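Peer 1: Provided below for reference: sequence and predicted model.
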Amino acid sequence: MYDSIARFYDLTHATLTDDIPLILQLASEANGPILELGCGSGRLLLPLAQAGHTVTGIDSSAAMLDRARSRLALQATAVQHRIALHQADMTRMALPDAQRFALVIIPYNTLFHLNTAQARATLQQIKKHLVGNGRLFIDVANPIDIASTPEDQLLSLENVLTDPETGELIVHLASNRLDTDSQTLHITWIYDVSAPDGGAVQRTVAHGTYHYRYPHQLELLLQEAGFKLLHLWGDYDQSPYDETSDRLLVLATKKE
């Protein structure tokens, strides 16, 4: 999916920075190599490397990783050397068995892309590559908000953007279909692109599925994979999670 919308993803998430201070804090506390799963075009990789951390990024999208490499090429040599990129499925990461990380990040809504079997497989991979006292950080939207999504499947306007590189006008639309029985949200994204001088509108359509989980389900999933919950936060200020929180943030470690 992300191969077709990589360019649009970066434009629509250009202002997403609220999570960076917490990520940098966790990285500083971990004091060791970091693994980011679903690293995309490097939104978190770059500030982490700029802060002096060694980071490995994994993503399944070649287009997103190409954008990450382009952004990385503009950085100082020292920053470039702190980042390693791999195209891989996070459920079966092809990393050396001996490679270990002090912090593993599954950032902004990435876990939603995994069904239960895929999430279990990913957690097993993480456990294999996490140092003994390492930390796992997961960031997803509050599942209660997801479960409250209107089921009318009507198109809604998400954004109207201008691509600063091309001057093109991009109208971003979305439609949702909620299945509460399976706890899945089926999303259709539409991007209509108009050239500055007019002409035909070019449309790109992408489909995604979010598998949302409530806190007790996420904690059970972690326990079954050999992790214990350390913190359950509701926002990047580390306030406790409750039903009205904006986010569901998890910090976990391996069971002793």
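Peer 2: Nice, thanks for sending it over.
Peer 1: domains in the chain, by residue range?
Peer 2: 2-143+213-254, 145-211 (automatic domain parsing).
Peer 1: need the ones you listed in a markdown table (columns: mean neighbour count and mean pLDDT).
Peer 2: Every residue, glycine included, has its C-beta placed from N, CA and C. Output for the domains of the chain, formatted as a markdown table (neighbours: other CB atoms under 10 Å; pLDDT from 0 to 100):
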| stretch | mean neighbour count | mean pLDDT |
| --- | --- | --- |
| domain 2-143+213-254 | 18 | 96 |
| domain 145-211 | 14 | 93 |
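Peer 1: report all helices and strands that the biggest helix by length in the chain contacts.
Peer 2: Counting residues, the longest helix found in the chain (DSSP state H) is helix 116-129. On a contact count with 3 or more CB pairs under 8 Å, 6 or more residues apart in numbering; DSSP states H and E, helix 116-129 meets strand 34-37, strand 101-106, helix 215-224.
Peer 1: export the ones you listed as CSV, with columns for distance to residue 95.
Peer 2: Shown next, in CSV, are the helices and strands packed on helix 116-129 (distance: least, CB to CB, whole Å):
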stretch, distance to residue 95
strand 34-37, 8
strand 101-106, 9
helix 215-224, 21
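Peer 1: returning to that earlier point: tell me what angle the next helix-or-strand element following the longest helix of the chain forms with helix 116-129.
Peer 2: Per DSSP states H and E, the first helix or strand lying C-terminal to helix 116-129 is strand 130-141. Using axes from the mean of the first three to the mean of the last three CA atoms, to 10 degrees, one finds that strand 130-141 and helix 116-129 are set 140 degrees apart in direction.
Peer 1: elements contacting strand 130-141?
Peer 2: helix 20-30, strand 101-106, strand 247-254.
Peer 1: please tabulate those in JSON lines, including the columns distance to residue 4.
Peer 2: Formatted as JSON lines, these follow (distance: least, CB to CB, whole Å):
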{"stretch": "helix 20-30", "distance to residue 4": "27"}
{"stretch": "strand 101-106", "distance to residue 4": "23"}
{"stretch": "strand 247-254", "distance to residue 4": "27"}
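Peer 1: those: which one's closest to residue 213?
Peer 2: Residue 213 lies closest, by CB to CB, to one member of these: strand 247-254, at 8.6 Å.
Peer 1: bridged to residue 253, which residues?
Peer 2: Note on residue 253: beta-bridge partners residue 228, judged by DSSP bridges.
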